[in-house]
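Novice: mind looking at a prediction? Sequence and model below.
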Amino acid sequence: MEKRLEITMGDAAGVGPEIILKAAEHYLNDMIVYGSYDVLSHYNDVFSYAYPLNRISVPEEAVTDRINIIDPSDLKHNDFNVGEVSALCGKNAYLFLENAIHDALDRKIAAIVTCPLNKEALRLGDYDYAGHTEILSTLCNTKKYAMLLWSDTIKTIHVSTHVALSEAIRRVRKDRIMEVTMLAYDVLKKAGYEDPGIAIAGLNPHAGENGLFGREEIDEILPAIEALNQSGINVYGPISPDTVFLRCQKGDYDLVVAMYHDQGHIPLKLADFDGGVNITCGLPIIRTSVDHGTAFDIAGQNIARPDSLMKAIDTARILSANE
């Protein structure tokens, strides 16, 4: 049997436990859940899923036709309020991920698929990280990494993510643009794209209009494009950010390099909010994730959709098959 995927539960006060149970209908024998056994058991009973649960200590103990759970915590469903920020849930979300990363680095599983955590809860739990990506890069000792959002119609990687917009502008540099483009190229090749075409978005309106609206395109973006093309990667741009994602959606390009967080996130979430997947490029392990938050406003109501988690599982399986 192929190695299973690790599914981390994320913040227990959010929708993570619920979407895991919903996805289990299709992926029961593909996954090992790193999360609270008590919380999953509670939702399993309350929502009448009736899955047999199996608590294990290491991935090698996983059995078929069960939800196999590795629980490094002592978190109970009545230790917190569903839909509310909790230091305890933040601390345990980190603990679930930390254990999953260690097993992934030891090659005991094929990939990590993460459910959402809450950044405020994480910090209240004494872990000062901006999110999953920063935890993964730190524990994997990775310096060159980037966030790639993946959907059926739009794929985009980001030059910067969780920083202020003023800082994001400062980070638009030739070397970083080249770095993230090459990371994206490697993922596309691993996913089966023989000769991917990559568009580079401009930073400024109309991609700067030849310096009229800013010089970043002239001083940093265009030199990166020229160097990437010389290296043999098909790169186009800089292309006006108000049209480049539409052109990607129509099939002109396979992926867009976005200059900052919202430039890439907004079009992808408009195009495919429920089916988007977050991939962390540059790690020594494969990590995909849902592309939505903890959704505290609907947590515990059995209405959260598992589409993004299921897509993340499918994507992780594709990428791990070509490792």
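Specialist: Cool, got the structure.

Novice: show me the chain divided up by domain.
Specialist: When the chain is parsed with automatic domain parsing, its domains come out as 1-142+283-323, 145-279.

Novice: what's the closest residue to residue 132 other than its chain neighbours sitting at in phi/psi?
Specialist: Spatial nearest neighbour of residue 132, excluding adjacent residues (CB to CB, 6 or more residues apart in numbering): residue 114 at 5.5 Å. Quick note: C-beta positions are derived from backbone N, CA and C, even for glycine. Torsion angles at residue 114 (phi, psi; degrees, to the nearest 10) stand at phi -110, psi 140.

Novice: could you dump the domains of the chain to CSV with mean pLDDT?
Specialist: Output for those, formatted as CSV (pLDDT from 0 to 100):
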stretch, mean pLDDT
domain 1-142+283-323, 94
domain 145-279, 94
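
Novice: can I get the ones you listed in JSON lines with mean neighbour count?
Specialist: As requested, the domains of the chain are arranged in JSON lines below (neighbours: other CB atoms under 10 Å):
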{"stretch": "domain 1-142+283-323", "mean neighbour count": "20"}
{"stretch": "domain 145-279", "mean neighbour count": "19"}
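
Novice: endpoint to endpoint, stretch 11-18 covers what distance?
Specialist: Taking CA to CA, to the nearest Å, the first and last residues of stretch 11-18 lie 11 Å apart.

Novice: what lies in contact with that stretch?
Specialist: Where contact means CB atoms under 8 Å, 6 or more residues apart in numbering, the residues beyond stretch 11-18 that reach it are 9-10, 35-36, 39-40, 43, 47, 75, 77, 80-86, 89-90, 92-93, 115-118, 121, 293-296, 298-300, 302, 304.

Novice: just stretch 25-34 next, same as before
Specialist: Contacts made with stretch 25-34 from outside it, assessed by CB under 8 Å, 6+ apart, are listed as 1, 4-9, 20, 23-24, 40, 51, 56, 59, 62, 64-72, 96-97, 99-100, 109, 113, 310, 313, 317.

Novice: coming back round to it: so what's the residue nearest to residue 132 bridging to?
Specialist: In this entry, residue 114 is beta-bridged to residue 8, residue 289, by DSSP bridges.

Novice: quick check: it touching residue 135?
Specialist: No: the pair formed by residue 114 and residue 135 falls short of the contact definition of CB atoms under 8 Å, at 9.6 Å.

Novice: can you give me the helices in the chain?
Specialist: Taking DSSP state H as the criterion, the chain contains helices spanning 16-27, 37-46, 87-105, 119-124, 132-139, 165-170, 174-190, 216, 222-230, 244-249, 261-272, 307-321.

Novice: among the ones you listed, which comes closest to residue 210?
Specialist: helix 222-230 (10.5 Å; CB to CB).

Novice: what is that closest one packed up against?
Specialist: Using 3 or more CB pairs under 8 Å, 6 or more residues apart in numbering; DSSP states H and E as the contact criterion, the elements in contact with helix 222-230 are helix 174-190, strand 197-201, strand 234-239.

Novice: picking up where we left off before, for residue 199, find the nearest of the helices of the chain.
Specialist: With respect to residue 199, and counting by CB to CB, the nearest of those is helix 244-249 at 5.2 Å.

Novice: export the helices of the chain to a markdown table and tack on distance to residue 203?
Specialist: Formatted as a markdown table, the helices of the chain follow (distance: least, CB to CB, whole Å):
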| stretch | distance to residue 203 |
| --- | --- |
| helix 16-27 | 35 |
| helix 37-46 | 43 |
| helix 87-105 | 32 |
| helix 119-124 | 25 |
| helix 132-139 | 21 |
| helix 165-170 | 7 |
| helix 174-190 | 10 |
| helix 216 | 5 |
| helix 222-230 | 11 |
| helix 244-249 | 12 |
| helix 261-272 | 8 |
| helix 307-321 | 28 |
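
Novice: closest to residue 287 out of these?
Specialist: Distances from residue 287 to each of the helices of the chain were compared by CB to CB, and the smallest falls on helix 132-139, at 5.8 Å.
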